[in-house]
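Asks: need a 3D model of the sequence below.
(chains A, B, C and D)
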2 protein chains.
Amino acid sequence: MNIGTASEKSGLPAKTIRYYEDIGLLRPDRADNGYRDYSMSDVHRLRFLQRSRSLGFSVEECRQLLSLYGDKERESADVKALAETKLTEIDRKLAELTELRNTLRHLVHNCHGDNRPDCPIIDGLSGRLQTQ
Amino acid sequence: MNIGTASEKSGLPAKTIRYYEDIGLLRPDRADNGYRDYSMSDVHRLRFLQRSRSLGFSVEECRQLLSLYGDKERESADVKALAETKLTEIDRKLAELTELRNTLRHLVHNCHGDNRPDCPIIDGLSGRLQTQ
DNA sequence: CCTTGAACTTCCAGTTACTGGAAGCTTTAT
DNA sequence: ATAAAGCTTCCAGTAACTGGAAGTTCAAGG
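Replies: Numbering: from 1, shown residues only, chains lettered A, B, ... in the order given. Okay, here's the model as predicted:
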């Protein structure tokens, strides 16, 4: 499929997809006319990139994560160690997102826009802090 | 407190904190010696920035979210509308993160590094796709 | 068959959000 | 008193796109 279709399916702009190719994150085929030709597997990679980038992982982290299923040479132990590391990070992100959601929910349901300086929302927005 | 302390408490590098001041995200006091002097409220803002940036919100989105408790002029309806919008986004991010975590968990517990091209992990890593 | 517009190509420049380093002033610790 | 650590500004560099120009290719209508 052409880059436009891959863009639709992955949720990434064509510009970004070409950039990801430039930096070696995927290598689509080329058709005879010179157009890039994306497989479903390419689209899977792109969609994965779209997601993990939007969740705050760096391109280099994404490159590592992609190697989890792309690199046949990789040892199982390596894969597991990397996945474990990322799992810890994901759990932290989940906890932070949940807290942020609770805070905003509270704001929507309980606050009236009077913005007192001691509004309990402030703590929630910034997360738990060591007091001092 | 000095920028070093604010950095520790917020989890942001001093460089980044100065940058956030440059682009108008906060305005710490200055001590007589010219050093920046951060209040707990400043630290709250910084910690909030650290979190929401690492969760994939842009600086401009963070600026909006910060206005939720920083801008006394803001109408309650505005605040609520913005918070609602962000809530939807957060829920989507939560769902995606959860899926990514499940996938990695599966990888750690069930895979053996043989990387078959039909490995069920591939689907999980890239999320649900409209098939064709 | 011709043309017109959308979609594709490469290349280069600009933007966002930092990040590193130089050069110099202030504070803290011996 | 002096050395190290921490602060200041400024300027340059990097990461990850993003926009636009200039040209090619394809699909549709006359």
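Asks: use CA for all of it now, contacts and neighbours both
Replies: Noted.
Asks: quick one: pLDDT of the most centrally placed residue in chain A?
Replies: Geometric centre of chain A, nearest residue: A:S52, 1.6 Å, by CA atoms, centre = their mean. Note for A:S52: predicted pLDDT of 91.
Asks: any idea how many residues pack against the nearest residue to it once chain neighbours are set aside?
Replies: Counting by CA to CA, 6 or more residues apart in numbering or on different chains, A:C62 is the residue found nearest to A:S52 once chain neighbours are left out, at 6.8 Å. Applying other CA atoms under 10 Å in any protein chain shown, we find 20 residues neighbouring A:C62.
Asks: now the lengthiest helix in chain A: buried residues?
Replies: In chain A, taking DSSP state H as the definition, the longest helix is helix A:76-110. Residues of helix A:76-110 classed as buried: A:76, A:79-80, A:82-84, A:86-87, A:90, A:93-94, A:96-97, A:99-105, A:107-108 (neighbour count, 16 or more other CA atoms under 10 Å in any protein chain shown).
Asks: kindly report the same for stretch A:35-52.
Replies: Neighbour-count burial for stretch A:35-52 [16+ other CA under 10 Å]: A:36-38, A:42-52.
Asks: that one and DNA strand D in contact?
Replies: No - counting by CA under 7 Å from any atom of the strand, DNA strand D is not contacted by stretch A:35-52; separation bottoms out at 7.6 Å.
Asks: can you get me the start-to-end distance on stretch A:26-36?
Replies: Stretch A:26-36 has an end-to-end distance of 11 Å (criterion: CA to CA, to the nearest Å).
Asks: any low-confidence regions in chain A?
Replies: Within chain A, the ranges that satisfy pLDDT under 70 run A:69-79, A:107-132.
Asks: got the residue ranges for the helices in it?
Replies: Taking DSSP H as the test, the helices found in chain A are A:3-10, A:14-22, A:40-54, A:59-70, A:76-110, A:121-126.
Asks: residues contacting A:R63?
Replies: Shown in contact with A:R63 (CA atoms under 8 Å, 6 or more residues apart in numbering or on different chains): A:L25.
Asks: what do you get if the cut-off is 10 Å, keeping everything else the same?
Replies: Counting by CA atoms under 10 Å, 6 or more residues apart in numbering or on different chains, A:R63 touches A:24-26, A:49, A:57, A:70.
Asks: can I get those in a markdown table with distance to B:T5?
Replies: Shown next, in a markdown table, are those (distance: CA to CA, whole Å):
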| residue | distance to B:T5 |
| --- | --- |
| A:G24 | 40 |
| A:L25 | 39 |
| A:L26 | 42 |
| A:L49 | 35 |
| A:F57 | 26 |
| A:G70 | 43 |
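Asks: for B:R18, state which of these is nearest.
Replies: Ranked by distance to B:R18 (CA to CA), the contacts of A:R63 are led by A:F57 at 23.4 Å.
Asks: now do the closest one against B:S67, distance only.
Replies: 26 Å.
Asks: and those two? Which one has more around it.
Replies: Comparing A:F57 with B:S67 by neighbour count (other CA under 10 Å), the higher total belongs to A:F57, at 20 against 16.
Asks: now the more buried one. Its backbone dihedrals?
Replies: Dihedral angles of A:F57 (phi, psi; degrees, to the nearest 10) stand at phi -90, psi 140.
Asks: so it touches B:L97, yeah?
Replies: No - counting by CA atoms under 10 Å, A:F57 does not reach B:L97; the two are 11.1 Å apart.
Asks: joint contacts of the two?
Replies: A:51, A:90.
Asks: tell me how far A:L97 lies from A:F48.
Replies: According to CA to CA, A:L97 and A:F48 sit 20 Å apart.
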